[in-house]
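J.: curious how this folds, go ahead:
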Amino acid sequence: MKKQFQCIFNSLIWLSLLTSSACQPSELEQDRPVNFVIIFCDDLGYGDTGPYGNTVHKTPHLNRMAEEGVLLADFYSSSGLCTPSRSSLMTGCYAQRIDMDVNARPFGSVGRQVLFPRAKKGLHPAEVTIAELLKDQGYVTGCIGKWHLGDQPQFLPTRRGFDYYYGIPYSNDMNRDFCPLPLMRGEEVIEAPVDQTTLTRRYTEAALDFLERSKEEPFLLYFPHSMPHNPLFAGAEFRGKSDNGIYGDVIEEIDWSVGQILDFLRANDLDRNTMVFFTSDNGAAPSFGGSNQPLAGWKGSTMEGGQRVPAIFWWPGKLVPNKVEGVMATMMDLFPTLAHLTNSALPDDRILDGHNIWPLLIGEQTTSPYDYFYYFQLEQLMAIRQGDWKLHLPLDSMYGRWHRGDIVKGRPGALYNLREDVSESINRMDDHPDLVRALLDQAEKVRQELGDIDIPGTAVRPAAIIENPTARLLPED
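T.: Residues are numbered from 1 along each chain as shown. From the prediction side, this is the model:
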C-alpha cells in the first residue's frame, strides 16, 4: 500500500495535548432536551481520516467536525471484532460480562467468532440498551445500518428499544446461499440480496428522513455503516474518484454522509441541542487499503491498531472546538454518558464497565476514569493497561487465527509505554518487574471475574440462546 501518512503524526497528536485550549465550554443547562446521533463505521482504521493524519482520503466534513468538536486520541473499542464491540456500545459493558464475546452456531457447535446468519445467540432481553434507556425518557429512536447483535426476530433492533430500523442484520460479507444478504425495514426483508453499491446513499437518505420526521421530539439516531468492512462498494458518484482505490472511495462517501447529517442539523437549528458522535467498531483490516497508523496491528488483534479507534464528539456551543484529548476512554462510556446528559437512572441491579465521560469532554476531568483496561481476543484476556503502561500477557496457549478459534502455542509477554511508544515497538518488561507482577496479579483477578479459556467467570451474565433459529425469509417476487 502506498505511503499515505505524515510520519510526524504521532508527535503532533501529543504536542497538541500540551497546547490545546483550556477555555471552558458552555454550561449544560438548556431549554430543549439534547438529541443524539451515533455514527458508527465498520472496520474504519485509526489512520483512515483527515483528523487522524490521513493525507490521501478527502474527508472535509470529518475535518470540520473535528475542528468544531472534541477529538479523542486515546479511545478504545472493547474488542477487535464486530459483535462484541457493538454489544459494548449498546450496554456499557465488556462483551465478556454479557456473554457476547463468542458465537453459538445454529447447528449446536460453539464458534469462537462473531454472530453469523441464523445464529442461536443474541443480546439478552434483560440487558438494557441505550435505545431502551432513552425511550423511557420519551425519545424517538431509530437504527439505520448494520445491527449484528442477532438476526432472529427477538434480537432485532425493533425488539431492543428502537422505534424504526432500516439496514442489514449482520456483516455485508455474510451473503449465504440459504439467506442472501437482506435489507430490512422493521422486521421485514425488502430486498435480498441488497444492492450494496447504493447502500451508503440509501442509509443516508433513510437517516435524513428519520431526522425530518423526528425533529420536533427528542431523538436518538444510531447510524452504523456497513463499510469499510470488506467487500467494498461505493456509489456511482464516488466510485473511482479517490486516490486510494475502492477503499478510498468508500471512506469519501462515508464522509459525504457525515456532511449530510451535520448540514441537516445546522439547517434545522438542531445543532445546538444535538450531540453527534463518530467512531468505528474496531481497527482496519489488513490488505484492503485501510490504515491504523501510527498504531501497530489490525482488526481482530489486541495490538493498539485492533482496538484504538477514531472518536469525535460534536456539539456546538457545549464542547470546546478544535480540542484534542489524550485521556483514555472507551466505547463502553457512551451508555453512562448519555444517561448523565438525559438525567436517566442507570440500572442499579448489575455491573456496568463504562463511565460518564462528560467531565472529560468539557475539560473538567484530566485523568482517565479507568484504573485498568482489559484487551480480550474473543473470550481470552490478552493484555491489560494501567495508565500509560500496557502488558501483553505471557501465555502458555492462545487463540491463533481469531476467525477459527484455533488454540496454538502461546507467547512471551511484552510491556510497552503507550505515551512514549504508541507503536508498541520497545519491550520494557525487564525494566519494570514490580509493575509486571502487579499487572499479572490484576489479570488473574479479571480472569476469575470475566472468564477466560476454561474459566466461566463469576460475574458473567448470560446471553440469550434459542434452539431453532429460522432462515430469514426472502421478499415475495
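
J.: C-alpha from now on. contacts and neighbour counts both.
T.: Will do.

J.: got phi/psi on Met38?
T.: That one is not Met; residue 38 is Ile. phi -110, psi 110 (degrees, to the nearest 10).

J.: switch to numbering from 30
T.: Fine by me, first position is 30 from now on; the one you just mentioned is Ile67.

J.: give me the pLDDT for it.
T.: At Ile67, the model reports a pLDDT of 98.

J.: pretty sure it is touching Leu250, no?
T.: Yes: assessed by CA atoms under 8 Å, Ile67 is found in contact with Leu250 at 6.2 Å.

J.: neighbour-wise, which of these two wins?
T.: Neighbour count, other CA atoms under 10 Å: between Ile67 and Leu250, Leu250 has more, with 24 against 18.

J.: hey, where'd the helices end up in the protein?
T.: Taking DSSP state H, the helices of the chain run over residues 38-48, 89-96, 111-120, 159-164, 228-243, 274-296, 333-336, 363-370, 387-390, 462-479.

J.: worst-scoring helix or strand of the protein, pLDDT-wise?
T.: Every helix and strand of the chain was ranked by mean pLDDT, DSSP states H and E. The lowest is helix 38-48, at a mean of 39.

J.: show me where pLDDT drops low in the chain?
T.: Confidence mapping of the chain against pLDDT under 70 gives the ranges 30-60, 133-141, 206, 429-435, 502-506.

J.: 50 instead, please
T.: 30-55, 134-140, 506 (pLDDT under 50).

J.: one step back: what's the most buried one of the helices of the chain?
T.: Highest mean neighbour count among the helices of the chain (mean count of other CA atoms under 10 Å): helix 333-336, with a mean of 30.

J.: run through who's touching that one.
T.: Identification of contacts with helix 333-336 by CA atoms under 8 Å, 6 or more residues apart in numbering yields 74-75, 105-109, 311-313, 321-322, 324-330, 451-453.

J.: ok, now which ones touch the most centrally placed residue in the chain?
T.: With distances taken as CA atoms, centre = their mean, Asp310 lies nearest the centre of the chain, 2.9 Å away. Residues in contact with Asp310 (CA under 8 Å, 6+ apart) are 69-73, 106, 108-111, 114-115, 338.

J.: tally of neighbours for the nearest residue to Ala472 once chain neighbours are set aside?
T.: Counting by CA to CA, 6 or more residues apart in numbering, Ile413 is the residue found nearest to Ala472 once chain neighbours are left out, at 6.9 Å. Other residues within reach of Ile413, judged by other CA under 10 Å, total 22.

J.: what do you get for Ser426?
T.: 12.

J.: from what I can see it touches Leu410, true?
T.: No: contact between Ser426 and Leu410 fails when scored by CA under 8 Å: they sit 11.4 Å apart.

J.: what would the helices of the chain look like in JSON lines with distance to Pro186?
T.: As requested, the helices of the chain are exported to JSON lines (distance: least, CA to CA, whole Å):
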{"stretch": "helix 38-48", "distance to Pro186": "37"}
{"stretch": "helix 89-96", "distance to Pro186": "27"}
{"stretch": "helix 111-120", "distance to Pro186": "11"}
{"stretch": "helix 159-164", "distance to Pro186": "9"}
{"stretch": "helix 228-243", "distance to Pro186": "15"}
{"stretch": "helix 274-296", "distance to Pro186": "21"}
{"stretch": "helix 333-336", "distance to Pro186": "25"}
{"stretch": "helix 363-370", "distance to Pro186": "16"}
{"stretch": "helix 387-390", "distance to Pro186": "27"}
{"stretch": "helix 462-479", "distance to Pro186": "26"}
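
J.: what's the closest of these to His254?
T.: helix 228-243 (7.2 Å; CA to CA).

J.: what's in contact with that closest one?
T.: In contact with helix 228-243 (CA under 8 Å, 6+ apart) are residues 169, 171, 173-174, 195-196, 248, 250, 252, 254-255, 263-264, 282-283, 286, 289-290, 293.

J.: between it and helix 274-296, what angle do the directions make?
T.: With axes from the mean of the first three to the mean of the last three CA atoms, to 10 degrees applied, the angle from helix 228-243 to helix 274-296 works out at 10 degrees.

J.: got the CA coordinates for helix 228-243 in PDB?
T.: Extracted in PDB, the C-alpha atoms of helix 228-243 (Å, rounded to 0.1, in the frame of the first residue of the first chain):
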ATOM      1  CA  LEU A 228     -26.300   1.100   0.500                       C
ATOM      2  CA  THR A 229     -24.400   4.100   1.900                       C
ATOM      3  CA  ARG A 230     -26.600   6.500  -0.100                       C
ATOM      4  CA  ARG A 231     -29.800   4.800   0.900                       C
ATOM      5  CA  TYR A 232     -28.800   4.600   4.600                       C
ATOM      6  CA  THR A 233     -28.100   8.400   4.500                       C
ATOM      7  CA  GLU A 234     -31.500   9.100   2.800                       C
ATOM      8  CA  ALA A 235     -33.200   7.000   5.500                       C
ATOM      9  CA  ALA A 236     -31.300   8.800   8.200                       C
ATOM     10  CA  LEU A 237     -32.300  12.200   6.900                       C
ATOM     11  CA  ASP A 238     -35.900  11.000   6.600                       C
ATOM     12  CA  PHE A 239     -35.900   9.800  10.200                       C
ATOM     13  CA  LEU A 240     -34.400  13.200  11.400                       C
ATOM     14  CA  GLU A 241     -37.100  15.100   9.400                       C
ATOM     15  CA  ARG A 242     -39.900  13.000  11.000                       C
ATOM     16  CA  SER A 243     -38.400  13.200  14.500                       C
END
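
J.: run the chain-centre distance for that helix.
T.: Distance of helix 228-243 from its chain centroid, counting by CA atoms, centre = their mean, to the nearest Å, is 21 Å.

J.: for stretch 290-297, same thing?
T.: Centre-to-centre, stretch 290-297 and its host chain are 24 Å apart (CA atoms, centre = their mean).

J.: can you list contacts of it?
T.: 233, 236-237, 300, 303.

J.: pull it out as PDB, backbone CA atoms only.
T.: Provided in PDB are the C-alpha atoms of stretch 290-297 (Å, rounded to 0.1, in the frame of the first residue of the first chain):
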ATOM      1  CA  ILE A 290     -26.200  14.700   8.700                       C
ATOM      2  CA  LEU A 291     -24.400  17.700  10.100                       C
ATOM      3  CA  ASP A 292     -25.800  20.000   7.300                       C
ATOM      4  CA  PHE A 293     -29.400  18.900   8.200                       C
ATOM      5  CA  LEU A 294     -28.800  19.600  11.900                       C
ATOM      6  CA  ARG A 295     -27.400  23.100  11.100                       C
ATOM      7  CA  ALA A 296     -30.200  23.900   8.600                       C
ATOM      8  CA  ASN A 297     -32.900  22.900  11.000                       C
END
